[in-house]
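Asker: just need the structure, nothing else, for what follows:
(chains A and B)
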2 protein chains.
Amino acid sequence: MTPGALSTDLYELAMMAGYCQAGLTAPATFELYTRRLPPDRSFLVAAGLEQALDFLETLRFEPADIAYLRDLPQLAGAGDAFFDEYLPRFRFTGEVWAVEEGTPVFPPEPMLRVTAPLPEAQLVETALLAFVTFQTTVASKAARVAAAAGGRGVVEFGARRAHGVEAGVLAARAAYLAGCDGTSNVEAGRRYGIPVSGTMAHSWVLAFPDEESAFRAYTGSFGARAVLLLDTFDTLAAARRVVAAGLRPSAVRLDSGDLAGLAQQVRSILDAGGLAATRILASGDLDERKIAALVASGTPIDGFGVGAALTVSFDAPSLGAVYKLVELERGGQAVGVMKSSPDKETHPGRKQIWRVGGRAAARDVLDLEDEEGPPGAEPLLEPVMRDGRRLGPRRPIGELRDRCRRELARLPAGVRRLDRADEYPVDLGAALRRAITRTSLSARRRSGAS
Amino acid sequence: MTPGALSTDLYELAMMAGYCQAGLTAPATFELYTRRLPPDRSFLVAAGLEQALDFLETLRFEPADIAYLRDLPQLAGAGDAFFDEYLPRFRFTGEVWAVEEGTPVFPPEPMLRVTAPLPEAQLVETALLAFVTFQTTVASKAARVAAAAGGRGVVEFGARRAHGVEAGVLAARAAYLAGCDGTSNVEAGRRYGIPVSGTMAHSWVLAFPDEESAFRAYTGSFGARAVLLLDTFDTLAAARRVVAAGLRPSAVRLDSGDLAGLAQQVRSILDAGGLAATRILASGDLDERKIAALVASGTPIDGFGVGAALTVSFDAPSLGAVYKLVELERGGQAVGVMKSSPDKETHPGRKQIWRVGGRAAARDVLDLEDEEGPPGAEPLLEPVMRDGRRLGPRRPIGELRDRCRRELARLPAGVRRLDRADEYPVDLGAALRRAITRTSLSARRRSGAS
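Answerer: Okay, the predicted model is just below:
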């Protein structure tokens, strides 16, 4: 499912052609980051690197791609050599540094840094942003949802809410990586080895002459693994029916109404009926706040299914991440560059993120790559691709998930709080601050601004 | 890019197996609809049908799919016949009725209706919802954005904000269908024949020793088609530089700052410099409200690039659509069914939507399919697939877009207003109301509720 080379904005291709014509093919460095946190987020969880690297490794222009591009009047100025020689031989040959998936990051820290011949580094902007930003969006939400559940299981249920089928698969991956316990998405289960789980739908109940025969048929087929959905007609009547029929489902699911009140009453009915081992799962427009409230009130819910809130990160469905040129070669020298558009300034130079504080992270320092970093601090950006080839094998999703749990636990509790969280400090290092001043002055001269 | 049969929730597969075991394989009908409009929407624009039908036509279980499913403990109760006989031979053999893409619809009108053997109709729930809901979400937003632009061009720019690369391609399709004029997404352009367009990025300007040489190089490559981005350092200084350098770009783009004020000043600079034909494009976190305000104030902006607001429908990134069993065969008879969960009731029976009012649509009537509908009213649901095969060819996207424009124009102006829009009346027909009462009573009896 790795998309092709046309998965980009037209201007990337136009610029690529223009750079080739202008002879600007020396290595340049771009960094991918967000300028600020969305509302109700106090950290981001980096994700999507694996799909980004897959894309870079397999990026080719097929003859049909080139034929389409050649016919575009917008690219008429690109020249024959671009279509006849450059595109057919195109490979991504660059170097990538990245924060490992599952690592908490804070704006404006780069999650990914690409150094490649300028036309290559430019082309991949659009796809890298789409891959990394989307999974980071979902992972950042999932970490909050999983934290709210306080150890109760959370299953990602939102395939039907996703922005198409493929988005659902990627969302399931990001949600699991950042702390959810599984997904209902079978393709995600197969492709990434994520635990899958499922219950039953209202249609199952409606397909039978009455609720009891529907429940009997399901437990008949799936035995001790069956999860029975109680709210098709009347949740409490359904719970009594489960007991009266002598069924022993693994769990029951509540999907509407006052979940807290219903869970209490259903728990009582089940316990009184000898079904103390039958768990109660809840779903229905849940998000981290509703889950936290249910958990805080001691509601006897054992697990949650979460859909749109998680799968499309409903309250913040896009992070506004950017991929910005920070350094290029000019006259054989590496030169930091920055733009100065209002509220959209960039920071020049290749950077490293230093996490300070060992087991209890206290702050980060963002500085130029060749600085040493604070004593004992740990660098977060690591080389992951060189000459267009991955360094090292793919990491199993379970490892990434374990890493994410550990790394989140290192953050101060106040930063992890769901509401009114503390801000995690990100300091700009001295060398980076000097580079900003220097580049800003030079940019003013270059722009001719007074 | 049509996804496979595992693109579903696990429970769909479990229920499919269970229905087969229970002998519930007679045709059943599901309808796909939304219960209510999201905030700030007064209509939806149906979209995504083409991808839904592609999915149904090509749906197969490959041997690797079956091997994965066979190993899932959750499906251990499915039985060998399910894996050995049912899944390998599985095809979607059903009938689909749908509202043509580009048609405005209103909750709770079904956009799609599937009648197929119950296990087949159940399996496809997840993917149909993902395909139809996502494109409908974006198309509904795009219609608002295009209306706000009042005839000025709108280009969908949000591939980098999309929920993965594939979501970006689908969003570009939906946006164009509902009134945008093009997309920056090259793959969408190639796959669906959508006009593509592009400008330049800040990185282009930063890659050259100074802004003037960057502008000269771009117009050198792309001539009269070049669009120059002005805000890398200082928008007005850049506009003066374009004039002073004697460049004649097709357009300039403003991407930050006070767009209204800058557009006025840039227009003056360009006009005074003999560049009256150079258009001004604007981008930067635009949505329909900001565009409407710019247009209302007479700002000389000729076109808009819109990203996240449109591509992920930022303010309403999911519609909460459902796919509900409404009818099945019981004892050889078609029987309407409904659930009665609080706030989540469904309406029984196969339905038709009647649009009343000819060239000026006045109201819709939702009634059972076999009713005649109000005199002169037009039925919106049409057969599009029979025996699992498409009826008729794919319609070119341009035709769908023209249809959308016509159908939107039929709606009352008050319904199309961006803010405080009138509610479009959707009446339930007499036969449907009788069916609801009848089914509701029968459901109470079946559920055993008092």
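Asker: now do the same contact list for whatever residue of the stretch 51-200 of chain A ends up closest to chain B.
Answerer: Closest contact between the stretch 51-200 of chain A and chain B, by CB to the nearest CB, is at residue A:198 (3.3 Å). Backbone N, C-alpha and C define where each C-beta goes, glycine included. When contacts are counted by CB atoms under 8 Å, 6 or more residues apart in numbering or on different chains, residue A:198 touches A:184, A:227, B:9-14, B:74.
Asker: let's see which of those residues end up in strands.
Answerer: Residues of the contacts of residue A:198 located in strands (DSSP state E): residue A:227.
Asker: turn the contacts of residue A:198 into TSV, including distance to residue B:308, neighbour count and pLDDT.
Answerer: Converted to TSV, the contacts of residue A:198 look like this (distance: CB to CB, whole Å; neighbours: other CB atoms under 10 Å in any protein chain shown; pLDDT from 0 to 100):
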residue	distance to residue B:308	neighbour count	pLDDT
A:184	27	26	98
A:227	37	24	96
B:9	28	27	98
B:10	32	25	97
B:11	32	26	97
B:12	31	23	97
B:13	34	27	98
B:14	37	27	97
B:74	37	21	93
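Asker: now the host helix or strand of residue A:398: buried residues?
Answerer: Using DSSP states H and E, residue A:398 sits within helix A:397-410. Under the neighbour-count criterion of 16 or more other CB atoms under 10 Å in any protein chain shown, helix A:397-410 has A:397, A:400-401, A:403-404, A:407-408, A:410 buried.
Asker: right, is that helix up against chain B?
Answerer: No: on the criterion CB under 8 Å from any CB of the partner chain, helix A:397-410 is out of touch with chain B, staying 15.7 Å away.
Asker: what do you get for stretch A:166-176?
Answerer: Yes: judged by CB under 8 Å from any CB, stretch A:166-176 and chain B are in contact via A:166-171.
Asker: same for whichever strand or helix holds residue A:264, what does it pack against?
Answerer: Taking DSSP H and E as the definition, residue A:264 sits inside helix A:259-272. Applying 3 or more CB pairs under 8 Å, 6 or more residues apart in numbering or on different chains; DSSP states H and E, one finds that helix A:259-272 makes contact with helix A:235-244, strand A:251-254, strand A:279-282, helix A:288-296.
Asker: same thing but 7 Å
Answerer: Other elements packing on helix A:259-272 under the criterion 3 or more CB pairs under 7 Å, 6 or more residues apart in numbering or on different chains; DSSP states H and E are helix A:235-244, strand A:251-254, strand A:279-282.
Asker: looking at the ones you listed, which is nearest to chain B?
Answerer: Nearest to chain B among the helices and strands packed on helix A:259-272 is helix A:235-244; the distance by CB to the nearest CB comes to 5.4 Å.
Asker: what residues does that closest one touch?
Answerer: Helix A:235-244 is contacted by residues A:211-212, A:215, A:228, A:230, A:249, A:252, A:254, A:257, A:262, A:265-266, A:269-270, A:273, A:275, B:447-449 when judged by CB atoms under 7 Å, 6 or more residues apart in numbering or on different chains.
Asker: tell me the residues of the stretch 301-450 of chain A that contact chain B?
Answerer: A:308, A:312, A:314, A:317-318, A:320, A:325, A:328, A:330, A:337, A:339-344, A:443, A:446-449 (CB under 7 Å from any CB of the partner chain).
Asker: now do 8 Å
Answerer: When proximity is defined by CB under 8 Å from any CB, the stretch 301-450 of chain A lies next to chain B at A:308, A:312-314, A:317-318, A:320-321, A:323-325, A:328, A:330, A:337-344, A:346, A:443-444, A:446-449.
Asker: give me the buried entries from these.
Answerer: Taking 16+ other CB under 10 Å as the criterion, what is buried in those is A:308, A:312-314, A:317-318, A:320-321, A:323-325, A:328, A:337-341, A:344, A:346, A:443, A:446-448.
Asker: so what's residue A:9 up against?
Answerer: Contact analysis of residue A:9 by CB under 8 Å, 6+ apart lists A:125-126, B:157, B:159-160, B:184-186, B:198.
Asker: out of the residues you listed, grab the one that's most surrounded.
Answerer: Neighbour counts for those (other CB atoms under 10 Å in any protein chain shown) peak at residue B:185, which has 36 neighbours.
Asker: returning to that earlier point: any buried residues in the helix holding residue A:264, and which?
Answerer: Result for helix A:259-272 [16+ other CB under 10 Å]: buried residues A:259-260, A:262-264, A:266-267, A:269-270.
Asker: run a quick neighbour tally on residue A:285.
Answerer: When neighbours are defined as other CB under 10 Å, residue A:285 has 13 of them.
Asker: separation between it and chain B?
Answerer: For residue A:285, the distance to chain B equals 8 Å [CB to the nearest CB, to the nearest Å].
Asker: can you tell me the SS state at that residue?
Answerer: Look at residue A:285: counting by DSSP: H, G, I helix; E, B strand; the rest coil, its state is coil.
Asker: okay, now the unreliable bits of the stretch 301-450 of chain A?
Answerer: A:444-450 (pLDDT under 70).
Asker: repeat the analysis, applying 50 as the threshold.
Answerer: A:449-450 (pLDDT under 50).
Asker: do a quick rundown of the strands in it.
Answerer: A:303-306, A:321-330, A:333-336, A:351-356, A:363-368, A:378-379, A:381-386, A:389-390, A:426-428 (DSSP state E, counting those that start in this stretch).
Asker: name every strand pairing with the fourth one and say which way it goes.
Answerer: Each strand that strand A:351-356 pairs with, and the sense of that pairing, follows from DSSP bridges: strand A:363-368 (antiparallel), strand A:378-379 (antiparallel).
Asker: contacts for the last one?
Answerer: Yep, that's strand A:378-379 we're talking about. Under CB under 8 Å, 6+ apart, the answer for strand A:378-379 is A:352-355, A:358, A:373.
Asker: try the longest one
Answerer: In this structure, residues lying in contact with strand A:363-368 by CB under 8 Å, 6+ apart are A:106, A:108-109, A:347, A:349-357, A:373-374, A:377, A:380, A:424-432, A:435.
Asker: now the angle from that strand to strand A:321-330?
Answerer: For strand A:363-368 against strand A:321-330, the angle by axes from the mean of the first three to the mean of the last three CA atoms, to 10 degrees is 30 degrees.
Asker: return the set of buried residues in strand A:363-368.
Answerer: Using 16+ other CB under 10 Å as the test for burial, strand A:363-368 gives A:363-368.
Asker: between these, which is nearest residue B:36?
Answerer: In terms of CB to CB, no member of these lies closer to residue B:36 than residue A:364, at 43.5 Å.
Asker: may I have the beta-bridge partners of that closest one?
Answerer: With DSSP bridges as the criterion, residue A:364 is bridged to residue A:355, residue A:426.
Asker: not counting its neighbours along the chain, what's nearest the residue most central in space within chain A?
Answerer: Closest to where the C-alpha atoms of chain A average out (CA atoms, centre = their mean) is residue A:135, at 1.9 Å. Of all residues not flanking residue A:135 in the chain, residue A:48 sits nearest, at 3.3 Å (CB to CB, 6 or more residues apart in numbering or on different chains).
Asker: same thing with residue A:170?
Answerer: residue B:164 (5.0 Å).
Asker: can you pull up the bridge partners for residue A:328?
Answerer: In this entry, residue A:328 is beta-bridged to residue A:28, residue A:335, by DSSP bridges.
Asker: so the helix holding residue A:398 versus strand A:351-356, what angle?
Answerer: Here helix A:397-410 runs at an angle of 60 degrees relative to strand A:351-356 (the same axes, to 10 degrees).
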